[in-house]
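1. after the sequence you'll find the predicted model.
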Amino acid sequence: MEDAIVKLTSKEGETFDVPRKVAMMSKLVKDTFSDDDDEDDEEDETEVKEVPLPNVTAPVLKKVIEYCTHYQDEEMTPIQTPLKSGTLDELVQAWYANFVKVDRNMLFDLVAAANFMDIKPLLDLTCLAVSILIKGKSAQELRQMFNISAELSPEEQAEAQRENAVAE
Amino acid sequence: MKRSIEDLSPTIRENAMLLSLDDDALMAVLLRTRASDHPSMRLSCKRIRDMIDSFQYRKERSVQGFAEVNVDLLSGFEQYQLSKKSMGEDPPSEEDDYFDENYDTFGYIHEYGDHSFERDCFRVFVDGRPLHKLRKREEFNLHVRLLPLCAPFWDLCDCYNQTLCDLGTSLFIDKGKPKVASIKNAVACNDDFPLPSLLYIQDFVLPFEHRFIESTVGPLLIKEVLKLLLGMYSISMYVPYRETQFTKEEADAERNTRFRFDEEKTDEDI
């Protein structure tokens, strides 16, 4: 079982051979396996299984596999909550801090992939990277940074500002 | 200015990134943001604002350990100012004889040298939301007493409430020393060094979203209170009672099952 291989297939149909242990970091993959095992207990365990991931593109899946593979050698330090620091390097090891130094499109794709594949440490890491991007930004800066064009109406702005003021 | 639902929903430019995430993934991101960033995030767009303001969001922050809890105790003079204001009296001064005689740095000194801190004495923020400003006591309440452990301890306990009276008489002698071996051992009490005080949490009610057993808000809040009064007590006690543990559904069910006379008015009617 240790050497078993799982084939992960991306949205484009590209297939990646991944050691079972690495692939099992994804709860989605794990659940797929346990469903299959329930259906056919007699199945040959050495058989290569294929898991389609229609929501994940090949470049993103490659990054996800890179993360899960590295995790086997160096487990990521669990991120302490509530967050104590505003810099990635103080919260996780250098390799993980560098791993999320990618362009914003890739970062959001990784968030979506980690969420879809249900890989908690990767979701924690990528969401942390986004929260650091958000840190200290004004509403205007956030809209600019994330391409949000839907501004609140003046009434909604006033209401939100009033609610914020109550909290101060 | 009236706008349609379509106008209010965020229009995403090509490659919109953050808002291109589905609700589940967006929630995962927003859960991990700092409370200090919430005001600007709430102003950035309606989808984000609605998510941050939702019951589910507050609950998940609390359950997953992201909720930030801050507790502060008003100074004695601030408490004095507050009491004067509530009575509609003149603005007070620290030079007032009444203040000098009846207050110390912690607040008003009661008959037995004890202190009572009701929710107005605290500033409690959970993710920047001021719980002390919630109007209904069934949504938030915090009442802490500091009771000197000395004679006549039973009289002191008796003048506040029955639970405290029962606890006082069953766990302590009238001089304030513990009767029970476990408490004695825990505080390692010594006759030469009288124990300072008992910190008694009389009321502690959290909003429904923070009442789940996995919620981190309750423990963090109590921890903050204990830190604020550190050095002032040697024993602390809190006896939870059932209403404070109710979920919203249980509280509603309890309200609806209570017998009511035909002409009796409900809280809403009043």
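-> Looks like it came in fine.
2. what about the residue nearest to B:Val239 when sequence neighbours are not counted, helix or strand, and which?
-> Nearest in space to B:Val239, with sequence neighbours left out and distances taken as CB to CB, 6 or more residues apart in numbering or on different chains, is B:Thr163 at 5.9 Å. Backbone N, C-alpha and C define where each C-beta goes, glycine included. The secondary structure element spanning B:Thr163 is helix B:162-171 (assigned by DSSP states H and E).
3. restricting to C-alpha, output that helix in PDB.
-> Coordinates of each C-alpha in helix B:162-171 appear next as PDB, following Å, rounded to 0.1, in the frame of the first residue of the first chain:
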ATOM      1  CA  GLN B 162     -29.000  32.300  47.100                       C
ATOM      2  CA  THR B 163     -26.400  30.500  45.000                       C
ATOM      3  CA  LEU B 164     -23.600  32.500  46.600                       C
ATOM      4  CA  CYS B 165     -25.000  32.000  50.000                       C
ATOM      5  CA  ASP B 166     -25.100  28.200  49.400                       C
ATOM      6  CA  LEU B 167     -21.600  28.100  48.100                       C
ATOM      7  CA  GLY B 168     -20.300  30.400  50.800                       C
ATOM      8  CA  THR B 169     -21.700  28.300  53.700                       C
ATOM      9  CA  SER B 170     -20.900  24.900  52.200                       C
ATOM     10  CA  LEU B 171     -17.300  25.700  51.000                       C
END
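4. by contact count, what packs against that helix?
-> The contact analysis (3 or more CB pairs under 8 Å, 6 or more residues apart in numbering or on different chains; DSSP states H and E) places helix B:162-171 against helix B:153-158, strand B:197-205.
5. so which residue is dead centre in the chain?
-> Picking chain A for this. When chain A is reduced to its mean C-alpha position, the closest residue under CA atoms, centre = their mean turns out to be A:Ala114, at 2.8 Å.
6. other chain: chain B
-> With distances taken as CA atoms, centre = their mean, the residue of chain B nearest its centroid is B:Leu142 (4.2 Å).
7. you'd agree that residue is in a strand?
-> Yes - under DSSP: H, G, I helix; E, B strand; the rest coil, B:Leu142 sits within a strand.
8. which non-adjacent residue is nearest it?
-> If the residues on either side of it in the chain are set aside, B:Leu142 comes closest to B:Arg119, at 4.9 Å by CB to CB, 6+ apart.
9. contacts only, for the one you found.
-> B:132, B:137, B:140-143 (CB atoms under 8 Å, 6 or more residues apart in numbering or on different chains).
10. save those as JSON lines, and put in pLDDT too.
-> Written out in JSON lines, the entries for the contacts of B:Arg119 read as follows (pLDDT from 0 to 100):
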{"residue": "B:His132", "pLDDT": "93"}
{"residue": "B:Arg137", "pLDDT": "77"}
{"residue": "B:Phe140", "pLDDT": "93"}
{"residue": "B:Asn141", "pLDDT": "93"}
{"residue": "B:Leu142", "pLDDT": "95"}
{"residue": "B:His143", "pLDDT": "95"}
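11. only the buried subset of those, as a ChimeraX command please.
-> To isolate the buried members of the contacts of B:Arg119 in ChimeraX, using 16 or more other CB atoms under 10 Å in any protein chain shown:
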select /B:132,140,141,142,143
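12. just confirm yes or no for whichever strand or helix holds B:Asp24 near chain A.
-> Element membership of B:Asp24, judged by DSSP H and E, is helix B:23-31. Yes - figure legend: helix B:23-31 in contact with chain A (CB under 8 Å from any CB of the partner chain); contacting residues B:24-25, B:28-29, B:31.
13. so what does that helix touch, helix or strand wise?
-> For helix B:23-31, the elements it packs on are helix A:104-117, helix A:120-134, helix B:46-52, helix B:55-63, judged by 3+ CB pairs under 8 Å, 6+ apart.
14. recalculate using a threshold of 6 Å.
-> In terms of contacts (3 or more CB pairs under 6 Å, 6 or more residues apart in numbering or on different chains; DSSP states H and E), helix B:23-31 is packed against helix A:104-117, helix A:120-134.
15. and the pLDDT at the residue nearest to B:Leu142?
-> The predicted structure scores B:Arg119 at 93 on the pLDDT scale.
16. circling back: distance of the residue nearest to B:Val239 relative to B:Arg137?
-> Applying CB to CB, to the nearest Å, the value for B:Thr163 to B:Arg137 is 17 Å.
17. give me the nearest residue to the closest residue to chain A within the stretch 151-270 of chain B, chain neighbours excluded.
-> Taking CB to the nearest CB, chain A has its nearest neighbour within the stretch 151-270 of chain B at B:Thr216, 8.2 Å off. Ranked by CB to CB, 6+ apart and with sequence neighbours excluded, the top spatial neighbour of B:Thr216 is B:Gly65, at 4.9 Å.
18. I'd say that neighbour and A:Thr81 touch.
-> Yes - with contact defined as CB atoms under 6 Å, B:Gly65 reaches A:Thr81; the gap is 4.0 Å.
19. am I right that the residue nearest to B:Thr216 is in a strand?
-> No - applying three-state DSSP, one finds B:Gly65 to be coil, outside a strand.
20. phi and psi next, for it.
-> phi 90, psi 10 (degrees, to the nearest 10).
21. what of B:Val126?
-> Per-residue torsions, B:Val126: phi -120, psi 120 (degrees, to the nearest 10).
22. for it, give the beta-bridge partners.
-> B:Val126 has the following beta-bridge partners by DSSP bridges: B:Val69, B:Arg129.
23. quick check: residues of chain B near chain A?
-> Those residues of chain B that sit near chain A, judged by CB under 6 Å from any CB of the partner chain, are B:1, B:3, B:10-11, B:13, B:16-19, B:21, B:24-25, B:28-29, B:32-33, B:37, B:39-40, B:42-46, B:65-66, B:68, B:128-130.
24. got a PyMOL select line for the buried ones in those?
-> Here is the PyMOL selection string for the buried members of these, based on 16+ other CB under 10 Å:
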select buried, chain B and resi 10+16+17+18+19+21+25+28+29+32+33+37+39+40+42+43+44+45+46+65+66+68+128+129
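25. where does the stretch 151-270 of chain B dip in pLDDT?
-> Judged against pLDDT under 70, the low-scoring parts of the stretch 151-270 of chain B cover residues B:189-195, B:257-270.
26. show me where it has its helices.
-> Assigned by DSSP state H, counting those that start in this stretch, the stretch 151-270 of chain B shows helices spanning B:153-158, B:162-171, B:181-187, B:217-228, B:242-245, B:248-257.
27. many thanks, we can stop here.
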